[in-house]
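Colleague: Sharing a model that was predicted from the sequence below.
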Amino acid sequence: AAAVADFRGAGVTTVMITGDHVDTAFAIGKQLGIVQTAAQCMTGEAMEGMTDAGLADRLADTRVFARVSPAQKVRIVDGFRSRGEIVAMTGDGVNDAPSLKKADIGIAMGMSGTDVARQASDMILTDDNFATIRRAIEEGRGVYENIRKSVIFLLSSNLGEIITMFLAVVCGLAAPLKSSHILWINLITDSLPALALGVDKNDGRSLMRQKPRKAGESLFARGGLACTCFYGALIAAVSLTAFLMLPCVLINLEGQEINLARLSAILRNQEVLAKAQTYAFTVLGMSQLFHAVGMRDAGRSFFRINHLENKLMILACILGFLLQFAVTEVPFLINAFGTSHLSGQEWLRLSLLAAAPLLAHEVIALFAEKRR
């Protein structure tokens, strides 16, 4: 009964199919919370006089099927599938094999099930416990959520790099990043942080309160596309701000008006360009690390997430920040990447600017919590 209630909360409907008498099936179904009234029960005899279309119409309200034959079980599965439902069928006997094979997911009992049933199924319950299916659904939703988070994180981060370079070129400015900078950032953000999101531990109870996704649903559904575009634009904005920070200061010191022509002219100075690129390079790398931390749970505050549950993310961020620090502080790497040394004040300003994705995450999480 507890598993049936959990399924209901997760948007999954439980239907009983049995060879027992309809009164017995109704009594058991009512105890389990599957059925409420006798009108929600149907017998195999009643099914015989129905067309497939008529049966499909009755399936919306029917929750218990009694005295059914193996062929009728297949009709029931076909009827639900014709309504656009994803059907998981459980069984243990030889007569269940056709319907197990016909369903989207056939689930056989491993201990009491026959060899025919196990071979016809897609999944086997080794403990013969119906409630184990709930754990399988929760695990499956967790795996999908981690894939979705990793993909959105990678796409939004790379979109930020593309927008940064594209806008600078369109405006006639020097490139904010060198090719070596982009490769270095991708090495940091596309490896450990993305892997850490892929093995993240999700809130199972929260996932089981969500409605099932449709079979053809895109990874960008339920706000995924908006999230990708928003964070991509935000990362690009802070990176370009960092790139233009020094040129704007120098133009102000000269008492001149800030415009694209003047920015382009001052960036022709190699020392100024190197420092400006270092700013953009540093902010872009760190902002993606902050973004990865927030992507663990887009609807929950940073301070409400249990960060110790994902030690790989902690390691990824520490290693990422250390590598980004080394590029501007180790002489060998400074020469290799054409960067400039940064002072403590510069690191502080750039770190605050790079934390913009995490600040945006907090604002979004605040509205999400209020809405809930």
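Modeller: Received, thanks. No experiment lies behind these values; they were computed from the predicted model shown. Numbering: from 1, shown residues only.

Colleague: where are the low-confidence patches of the stretch 51-200 of the chain?
Modeller: Within the stretch 51-200 of the chain, no range satisfies pLDDT under 70.

Colleague: Tell me where it has helices.
Modeller: Taking DSSP state H, counting those that start in this stretch to define them, one finds helices in the stretch 51-200 of the chain at 52-58, 70-82, 97-102, 115-120, 132-170, 179-189, 192-198.

Colleague: pLDDT of stretch 339-346, averaged?
Modeller: For stretch 339-346, mean pLDDT is 93.

Colleague: Check which residues of that stretch are buried.
Modeller: Within stretch 339-346, the residues that count as buried by 16 or more other C-beta atoms under 10 Å are 339-340, 342, 346. C-beta here means a position set from N, CA and C on the backbone, and glycine is covered the same way.

Colleague: residues making contact with that stretch?
Modeller: For stretch 339-346, contacts defined as C-beta atoms under 8 Å, 6 or more residues apart in numbering pick out 271, 274-275, 277-279, 281-282, 327-329, 333-334, 350.

Colleague: Now, of these, which are buried?
Modeller: 274-275, 277-279, 281-282, 327-328, 334, 350.

Colleague: I'd guessed A1 sits against L32; true?
Modeller: Yes: in this structure, A1 is within contact of L32 by C-beta atoms under 8 Å, at 4.9 Å.

Colleague: between the two, who's got more neighbours?
Modeller: Legend: neighbour count by other C-beta atoms under 10 Å for A1 and L32, higher for L32 (17 against 10).

Colleague: The more buried one and F130: what is the separation?
Modeller: Per C-beta to C-beta, to the nearest Å, L32 is found 10 Å from F130.

Colleague: all strands for this protein, in order.
Modeller: 16-17, 41-43, 64-66, 88-91, 105-109, 123-125 (DSSP state E).

Colleague: Put together TSV for those, with distance to S180 on each row.
Modeller: Output for the strands of the chain, formatted as TSV (distance: least, C-beta to C-beta, whole Å):
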stretch	distance to S180
strand 16-17	63
strand 41-43	69
strand 64-66	66
strand 88-91	51
strand 105-109	48
strand 123-125	48
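
Colleague: So which of these is nearest G49?
Modeller: The closest of the strands of the chain to G49 is strand 41-43. By C-beta to C-beta, the value is 10.9 Å.

Colleague: So in that sheet, which strands flank that closest one, and in what orientation?
Modeller: When pairing is defined by DSSP bridges, strand 41-43 lines up against strand 64-66 (parallel).

Colleague: that older thread, out of the buried residues of stretch 339-346, which comes closest to M109?
Modeller: Nearest member of the buried residues of stretch 339-346 to M109, counting by C-beta to C-beta, is T339, at 62.5 Å.

Colleague: Quick check on that closest one: phi, psi?
Modeller: Dihedral angles of T339 (phi, psi; degrees, to the nearest 10) stand at phi -100, psi 180.

Colleague: dump the residue contacts of the closest residue to it other than its chain neighbours.
Modeller: Here the nearest residue to T339 in space, its sequence neighbours aside, is T278; by C-beta to C-beta, 6 or more residues apart in numbering that works out to 4.4 Å. Contact analysis of T278 by C-beta under 8 Å, 6+ apart lists 328, 339-340, 342.

Colleague: T278 and P176: what is the separation?
Modeller: 10 Å.

Colleague: same question, V15
Modeller: Counting by C-beta to C-beta, the gap from V15 to P176 is 58 Å.

Colleague: and stretch 255-270, how far from the chain's centre?
Modeller: With C-alpha atoms, centre = their mean, to the nearest Å as the basis, stretch 255-270 stands 42 Å off its chain's centre.

Colleague: Now do L207, the pLDDT please.
Modeller: Note for L207: predicted pLDDT of 87.

Colleague: related to what we said a few turns ago, out of the buried residues of stretch 339-346, which are inside helices?
Modeller: Among these, the members found in helices (DSSP state H) are E346.
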